[in-house]
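Student: here is a sequence together with a model predicted from it:
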Amino acid sequence: MTTELATAEPTTVASAGRVRAKTAPSRRSIKVWGPPIAVLALLIGFWYLLSMVILPVDRRFLLPPPHQIVTEGFLNGPVITDIIRSLGLTALVALSGLVVAIVIGVGWGIGMSQARWIELSLFPYAVVLQCIPILALVPLIGFWFGYDFTARMIVCVMIALFPMVSNTLFGLQSVDVSQRELFRLQHASRWTTLLKLQLPAALPAIFAGLRISAGLSVVGAIVGDFFFRRGTPGLGSLMSVYQSRLLASELFTAIIFAALFGVVVFWFFGVLRKLAVGRWYDTTRS
Amino acid sequence: MTVTASTPTDRVRGTTILDFRDVAMTFPDGTTALAGVDLTVARGEFVSVVGPSGCGKSTLLRIASGLEQVTEGDMTADTKRIGYVFQDATLLPWRDVSANVELLAELHGIPKAERKAKAKLAIDLVGLTGFEKHLPRALSGGMRMRASLARSLTLDPELFLFDEPFGALDEITRERLNDELVRLYTEKQFGALFITHSVSEAVYLSTKVVVMSGRPGRIVATFEVPFPLPRDPDLRFTAEYAELVGAVSHALRGDHS
């Protein structure tokens, strides 16, 4: 289940990157849109091949053909209402988890950038947080915080936190030595140096981390929900219900919605990054 | 011939603004960067230091600015208005030219209107008028260096410290900036300590050229530069200029020791 989710995301994400690249005359747009659409057509063809030819009829429920997913999932009123309602909750969890992860992560990064001993004492725990399997902690978090909003958000924060911490720290520390000395020569205070030099210089790295964390926060919200299966159902609980009832079409619909949500989040933070630092910070990849 | 090669003298034309007395510098890892350096810069004097790479020229400058402390001897700078021009322009990439030029005044808490006026003046002075709203990435290397110069000028320094500022520029841009710097110097009469590895640049800009030996850095020769200010760009093609450049180069290669 979760692996399916994880693989579904990068592919959609990659095509989204290409789509954003250019909007120009028709010949150009054919050049840009043509190849990914051709790949999509090939994938759908292969899907039909698996579903209609290779799978025996009595096992077809494992991989229903695409048109069946559209009719039983996307065009099915009650199903789509359920999915959208739970997507709303998941989005809320992901978003609040992300905000908390940003605040803690940037604060943690700034704290570590202030003194070597703080970095030495705190960085190992950021790494530990990254290394322990959060999934193993999910039941414990449920124990302590119940199975509702707070617990889901905590799972989300734990999964999304590390890129914010490490990228903030990296960004703050990557400030050019002579620029630091320029500030030192004017006897600029620690606070002034942070505000006028280090933070602006770290913004590109922070936004890069933000993009990763945003994607992770969506994963975190769904995963937490998938394991808790209590309280108001989010997308994760819904998927788990569909899975247990062998409702493959509905499950596929939910997965596609989750993937689309991930793409939107990724795109949104890409645009935000461009607005914030695109003027002066250029990356060759969009 | 007006060329004088001698041990460092205290011949000054004004009062001393920067004074190194028997300065030695040993880094914590044990490398000795400077040993027994005596050097003075008088108010309104332009002193260049040439030397092989790694001889501690830059260390001299870092000591003068207060970025490093001497391990032996004494360094005194008789002013607080010190401009430091780095090897690269060190502009903040997210600020446009005028915001970059305003930075130092901003760090000193000078009110907005006043620092804007200062910045405008400095930008005009270095010939960047019309580029105020450009970001550093849209400027050529020479223009970035001009912006960096303008930034230091807003402090109205009595002492300028230059750390090989034009080393990364092409020959033509470099000569043009040398001309501009001489013009600025003639106009403002600041004291200057200019580090470079180009002998011709040092002779063209300075009133005094100091030659340092390799590690540990010590001063091996001092040359007074007799040419009138502001320098005529054609000075570069005269025999006297070539002769002085030759003499300094010889000293640099150790023919004088």
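Tutor: Thanks, I have the structure now.
Student: from here on, contacts and neighbour counts on C-alpha atoms
Tutor: Will do.
Student: could you look up the SS state of residue B:73?
Tutor: Following DSSP: H, G, I helix; E, B strand; the rest coil, we place residue B:73 in the strand state.
Student: burial measure for the residue lying closest to it once chain neighbours are set aside, as a count.
Tutor: Leaving aside its sequence neighbours, residue B:73 sits nearest to residue B:23 (CA to CA, 6 or more residues apart in numbering or on different chains; 4.3 Å). By other CA atoms under 10 Å in any protein chain shown, the residues close to residue B:23 number 21.
Student: host element of residue B:23?
Tutor: Here residue B:23, judged by DSSP states H and E, is contained in strand B:16-26.
Student: that strand: what's the following helix or strand?
Tutor: Later in the chain than strand B:16-26, the nearest helix or strand by DSSP H and E is strand B:32-42.
Student: packing partners of that following strand?
Tutor: strand B:16-26, helix B:57-65, strand B:191-196 (3 or more CA pairs under 8 Å, 6 or more residues apart in numbering or on different chains; DSSP states H and E).
Student: for these, give me a markdown table that also has distance to residue A:80.
Tutor: Conversion of the helices and strands packed on strand B:32-42 to a markdown table gives the following (distance: least, CA to CA, whole Å):
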| stretch | distance to residue A:80 |
| --- | --- |
| strand B:16-26 | 74 |
| helix B:57-65 | 68 |
| strand B:191-196 | 72 |
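Student: which one of the residues in the stretch 1-150 of chain A is closest to chain B?
Tutor: Distances between the stretch 1-150 of chain A and chain B by CA to the nearest CA are smallest at residue A:116, namely 18.7 Å.
Student: count the neighbours of that residue for me.
Tutor: Residue A:116, neighbours per other CA under 10 Å, totals 10.
Student: what do you get for the one 4 residues further on?
Tutor: Other residues near residue A:120 number 11, with proximity taken as other CA under 10 Å.
Student: tell me the pLDDT at it?
Tutor: Note on residue A:120: pLDDT of 90.
Student: give me the element it is part of.
Tutor: Assessed by DSSP H and E, residue A:120 sits inside helix A:116-131.
Student: re earlier: pLDDT of the strand holding residue B:23, averaged?
Tutor: For strand B:16-26, mean pLDDT rounds to 88.
Student: got the contact list for residue 101?
Tutor: Using chain A here. A:157-158, A:160-161, A:164 (CA atoms under 8 Å, 6 or more residues apart in numbering or on different chains).
Student: my question was about chain B, not that one.
Tutor: B:119, B:122-123, B:147-148, B:150-152, B:154.
Student: on that earlier part again, who does the strand holding residue B:23 touch, helix- and strand-wise?
Tutor: Partner elements for strand B:16-26 (3+ CA pairs under 8 Å, 6+ apart): strand B:32-42, strand B:72-77.
Student: and these, which is most packed in?
Tutor: With neighbours taken as mean count of other CA atoms under 10 Å in any protein chain shown, the helices and strands packed on strand B:16-26 reach their highest mean count in strand B:32-42, at a mean of 21.
Student: mind listing what the host helix or strand of residue B:47 pairs with, with the direction of each?
Tutor: Using DSSP H and E, the secondary-structure element containing residue B:47 is strand B:46-50. Using DSSP bridges, strand B:46-50 pairs in its sheet with strand B:191-196 (parallel), strand B:208-212 (parallel).
Student: now these as TSV including mean pLDDT?
Tutor: Formatted as TSV, these follow (pLDDT from 0 to 100):
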stretch	mean pLDDT
strand B:191-196	93
strand B:208-212	92
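Student: redo those strands as a markdown table? Include mean neighbour count and distance to residue B:51.
Tutor: As requested, the strands paired with strand B:46-50 are exported to a markdown table (neighbours: other CA atoms under 10 Å in any protein chain shown; distance: least, CA to CA, whole Å):
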| stretch | mean neighbour count | distance to residue B:51 |
| --- | --- | --- |
| strand B:191-196 | 25 | 8 |
| strand B:208-212 | 25 | 5 |
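Student: would you turn the ones you listed into a markdown table with distance to residue A:247?
Tutor: As requested, these are exported to a markdown table (distance: least, CA to CA, whole Å):
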| stretch | distance to residue A:247 |
| --- | --- |
| strand B:191-196 | 76 |
| strand B:208-212 | 83 |
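Student: distance check, residue B:51 against chain A.
Tutor: Distance of residue B:51 to chain A, computed by CA to the nearest CA, to the nearest Å: 22 Å.
Student: pretty sure that residue contacts residue B:252?
Tutor: Yes - Residue B:51 lies in contact with residue B:252 (CA atoms under 8 Å); the separation is 6.4 Å.
Student: touching both of the two, which residues are there?
Tutor: Contact with both residue B:51 and residue B:252 is made by residues B:211-213, according to CA under 8 Å, 6+ apart.
Student: turn those into JSON lines, including distance to residue A:177.
Tutor: Formatted as JSON lines, those follow (distance: CA to CA, whole Å):
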{"residue": "B:211", "distance to residue A:177": "28"}
{"residue": "B:212", "distance to residue A:177": "26"}
{"residue": "B:213", "distance to residue A:177": "27"}
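Student: ok, so of the residues you listed, who is nearest chain A?
Tutor: The shortest approach to chain A among the shared contacts of residue B:51 and residue B:252 belongs to residue B:212, at 24.1 Å (CA to the nearest CA).
Student: residues contacting that closest one?
Tutor: B:49-52, B:55, B:57, B:218-221, B:252.
Student: any idea which of those is closest to residue B:229?
Tutor: Using CA to CA, residue B:49 is the member of the contacts of residue B:212 that lies nearest residue B:229, at 19.2 Å.
Student: returning to that earlier point: who's more crowded, residue B:51 and residue B:252?
Tutor: Under the criterion of other CA under 10 Å, the comparison of residue B:51 against residue B:252 puts residue B:51 first, with 27 against 22.
Student: so what's the more buried one up against?
Tutor: B:57, B:196-197, B:211-214, B:252.
Student: change it to 10 Å
Tutor: Contact partners of residue B:51, counting by CA atoms under 10 Å, 6 or more residues apart in numbering or on different chains, are B:57, B:195-199, B:210-215, B:217-220, B:249, B:251-253.
Student: number of residues surrounding the nearest residue to residue A:242 once chain neighbours are set aside?
Tutor: Spatially, and ignoring its direct neighbours in sequence, residue A:242 is nearest to residue A:251 (5.6 Å; CA to CA, 6+ apart). Counted with other CA under 10 Å, residues neighbouring residue A:251 total 22.
Student: distance of residue A:251 from residue A:116?
Tutor: 49 Å (CA to CA, to the nearest Å).
Student: isn't residue B:182 right up against residue B:231?
Tutor: Yes - in this structure, residue B:182 is within contact of residue B:231 by CA atoms under 10 Å, at 6.8 Å.
Student: so those two - more neighbours on which side?
Tutor: residue B:182 (20 against 17).
Student: show me what contacts that one?
Tutor: So residue B:182 contacts B:46, B:188-189, B:204-206, B:229-232 (CA under 10 Å, 6+ apart).
Student: quick check: mean pLDDT of the longest helix along chain B?
Tutor: The helix that spans the most residues within chain B, counting by DSSP state H, is helix B:171-188. Per-residue pLDDT over helix B:171-188 has a mean of 89.
Student: buried ones in it?
Tutor: Using 16 or more other CA atoms under 10 Å in any protein chain shown as the test for burial, helix B:171-188 gives B:174-175, B:177-185.
Student: okay, that helix in CSV with CA atoms only?
Tutor: Output of helix B:171-188 as CSV, limited to C-alpha atoms (Å, rounded to 0.1, in the frame of the first residue of the first chain):
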residue,chain,number,x,y,z
GLU,B,171,43.5,43.4,-18.7
ILE,B,172,41.4,46.1,-20.3
THR,B,173,38.9,46.3,-17.5
ARG,B,174,41.7,46.3,-15.0
GLU,B,175,43.5,49.2,-16.6
ARG,B,176,40.3,51.2,-16.8
LEU,B,177,39.5,50.6,-13.1
ASN,B,178,43.1,51.5,-12.3
ASP,B,179,42.5,54.9,-14.0
GLU,B,180,39.3,55.4,-12.1
LEU,B,181,40.9,54.5,-8.8
VAL,B,182,43.7,56.9,-9.4
ARG,B,183,41.2,59.6,-10.2
LEU,B,184,39.2,58.8,-7.0
TYR,B,185,42.5,58.8,-5.0
THR,B,186,43.6,62.2,-6.4
GLU,B,187,40.2,63.6,-5.6
LYS,B,188,39.8,62.2,-2.1
